[in-house]
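J.: got a sequence here, can you model it:
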Amino acid sequence: MSFSDQRNLTRWVIIFASFLIISLILWNTYTFFQIFKNEERLKMSLWANAQKTLINAGSNTDVELPLQIFSNNTSIPIILTEKDRIINTVNIDEAIVNNKQSATEFLSNLKNENEPIIIEYAPGKFQKLYYGNSALLNKLKYYPIALLLIIVLFGGLVYNFYRSTKMATQNKLWAGMAKETAHQIGTPLSSLIGWVELLKAEHVAESTTFEIEKDIERLQTITDRFSKIGSEPKLERKDIIQETFQSYDYLQSRFSKQVEFSFKAPKDTIMVSLNTTLHSWTIENLVKNAIDAMKGKGKVALEIFEEDDYVKINVSDTGGGIQKKQFKTVFEPGFTTKKRGWGLGLSLTKRIVEEYHKGTIKVLHSEIGKGTTMQVSLKKSELV
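T.: Numbers count the residues shown, from 1 in each chain. This next block holds a predicted model:
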C-alpha cells in the first residue's frame, strides 16, 4: 500500500471513528432524556394520586404524605383542569395565571409537551393534570444540538488549520519551484548574452542585436521576478508614472495592431515606494489579462491619477466583462475563463499589490459585453 493510500485510509478511519463517537453520544443523550422524562411522568402520577387522595380525604385521613408530594415538586409546571376549566396551577408565573389568554396559551403548550394524566376522584367525575418538562429536561433536550454545534465549530477549526498548513506547504513549494526556475533560466541566459556579444563582433546588423538585447533584458526581468517570490522585496522611492509607462510601452510594442493602446497620466512625477520588478509584473498581468478578455482585439486604456494620499491606476478593456458575483473570485488561485492557463495571474498580482506594496486591487467596474476596469491603489511616498 502506497503512502497516499495509507493516508487516505487513515483519514477515513478517523472520519468513521468520529461519526461513531458522535452517534454514541447522541444516542446516550437521547436515552438519558427518555429516562428523565419517564421519571417525571412517574412523579406526576404520584402527584395525581396525591390529588385524588386529598379530594376524597375524610376527617380521619392522613394527608401528610400527599402534602409532602405536593411540596416536593418545585420544577415541573402543572395545570389542573375540570370540565376544561383551570382549577389549579403549580410552578407557573402569576402574571400568566392572572391573564386568561396567556393561561390558555400556556395550557395549549403543555398539551403539546406531554399526554395528560386523568384523575377519576369519583365515579363519572374527572380532573385532568397537564404538565410540562422541567428546566433540566428542557436543557437536556437541547444538549445534542449544542453538542453538534460545538463539534461542527471544532471541525471547522481543525479544517481551517489543516487547510492553512497545506496552503503554507504549497506556498513554500511554489516559491521553491519559482526560485529553481529562475536559477535554471540563468544558465542559458548567460549563454545568450555571450552569443549577442559574438554577433556584435561579427558586425551583425545593430537593429537585430538591439532587439535580441531587449528580449534578453526581458528574460532577465522575468528571472528576477521569479527569484523574488517567497522573499521580502526591497522597496524604493520611484516615479510610478515612469515605471508604469516603461512596462506599458514594452507591452504595446509586442502586441498586434488590432489592440488599440492609450495611456493617460499627470505630467508631474508621483513618488511611490515600489519594487520596480514586481510592479512591472503587475502592469503586465493586468494588460495581458485585458487583452485576453478582448480575445486580442479591442481597446486597452491605462490611466494614472491622484486621489488624496493615494495614486490610482485604472486598466480598462473592451472585452466580455465579468459578472458582479465574480468580482472577488477572479483573484482566487485557479480562477480562469480561458481554456489554457492555471489562473494564477491575478492571484499573483493581488499578492504583489496587497502583501508587498500594502496597496489594494479590485474590479472597479465591469459590464457584460462592454468591458472591465481594474483598479490598483497605492499610497504615495512622503519625502524623507
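J.: next secondary structure after the helix or strand containing residue 190?
T.: Per DSSP states H and E, residue 190 falls inside helix 135-201. Sequence-wise, the next helix or strand downstream of helix 135-201 (DSSP H and E) is helix 206-228.
J.: give the other helices and strands that whatever helix or strand comes next after that next one contacts.
T.: Following helix 206-228 in sequence order, the next helix or strand is strand 236-239 (DSSP H and E). Contacts defined by 3 or more CB pairs under 8 Å, 6 or more residues apart in numbering; DSSP states H and E place strand 236-239 against strand 271-274, helix 276-293. In short, each C-beta sits where N, CA and C put it, glycine included.
J.: which element is residue 26 on?
T.: Secondary structure from DSSP H and E places residue 26 in helix 3-55.
J.: point out the other helices and strands that the helix holding residue 190 packs with.
T.: Secondary elements touching helix 135-201 (3+ CB pairs under 8 Å, 6+ apart): helix 3-55, helix 206-228.
J.: out of the ones you listed, which is closest to residue 94?
T.: Smallest distance to residue 94 across those (CB to CB): 20.4 Å, for helix 3-55.
J.: and the very next helix or strand once past the closest one with helix 3-55, angle?
T.: Next in sequence after helix 3-55, counting helices and strands by DSSP H and E, comes helix 64-72. Counting by axes from the mean of the first three to the mean of the last three CA atoms, to 10 degrees, helix 64-72 lies at 140 degrees to helix 3-55.
J.: so where's this protein shaky on pLDDT?
T.: By pLDDT under 70, the low-scoring segments of the chain are 1-5, 7-8, 59, 167-184, 186-187, 225, 228-231, 333-344, 382-384.
J.: any idea which residue is closest to the centre of it?
T.: Computing the C-alpha centroid of the chain and ranking residues by CA atoms, centre = their mean puts residue 160 first, at 9.8 Å.
J.: who's residue 126 bridged to?
T.: Residue 126 forms beta bridges with residue 120, as assigned by DSSP bridges.
J.: wait, what's in contact with it?
T.: By CB atoms under 8 Å, 6 or more residues apart in numbering, residue 126 lies in contact with 82, 118-120.
J.: how about CSV for the helices and strands packed on strand 236-239, with distance to residue 139 and mean neighbour count added?
T.: Formatted as CSV, the helices and strands packed on strand 236-239 follow (distance: least, CB to CB, whole Å; neighbours: other CB atoms under 10 Å):
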stretch, distance to residue 139, mean neighbour count
strand 271-274, 58, 20
helix 276-293, 57, 22
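J.: do you know which of these lies nearest residue 148?
T.: Closest among the helices and strands packed on strand 236-239, using CB to CB: helix 276-293, at 44.2 Å.
J.: how far off centre is the closest one?
T.: Chain-centre distance of helix 276-293: 28 Å, with CA atoms, centre = their mean, to the nearest Å.
J.: what lines up beside the very next helix or strand once past it in the sheet?
T.: For helix 276-293, the following helix or strand on the C-terminal side (DSSP H and E) is strand 298-307. Taking DSSP bridges as the criterion, strand 298-307 pairs within the sheet with strand 259-264 (parallel), strand 310-317 (antiparallel).
J.: quick one: distance of strand 298-307 to the chain centre.
T.: Relative to its parent chain, strand 298-307 has a centroid offset of 32 Å by CA atoms, centre = their mean.
J.: so what touches it?
T.: 240-241, 244, 248, 258-266, 270, 283, 287, 290-291, 294, 311-319, 371, 377, 380.
J.: and the helices and strands packed on strand 236-239 as a markdown table, adding distance to residue 45?
T.: As requested, those are exported to a markdown table (distance: least, CB to CB, whole Å):
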| stretch | distance to residue 45 |
| --- | --- |
| strand 271-274 | 81 |
| helix 276-293 | 76 |
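J.: which among those is found nearest to residue 215?
T.: The closest of the helices and strands packed on strand 236-239 to residue 215 is helix 276-293. By CB to CB, the value is 14.4 Å.
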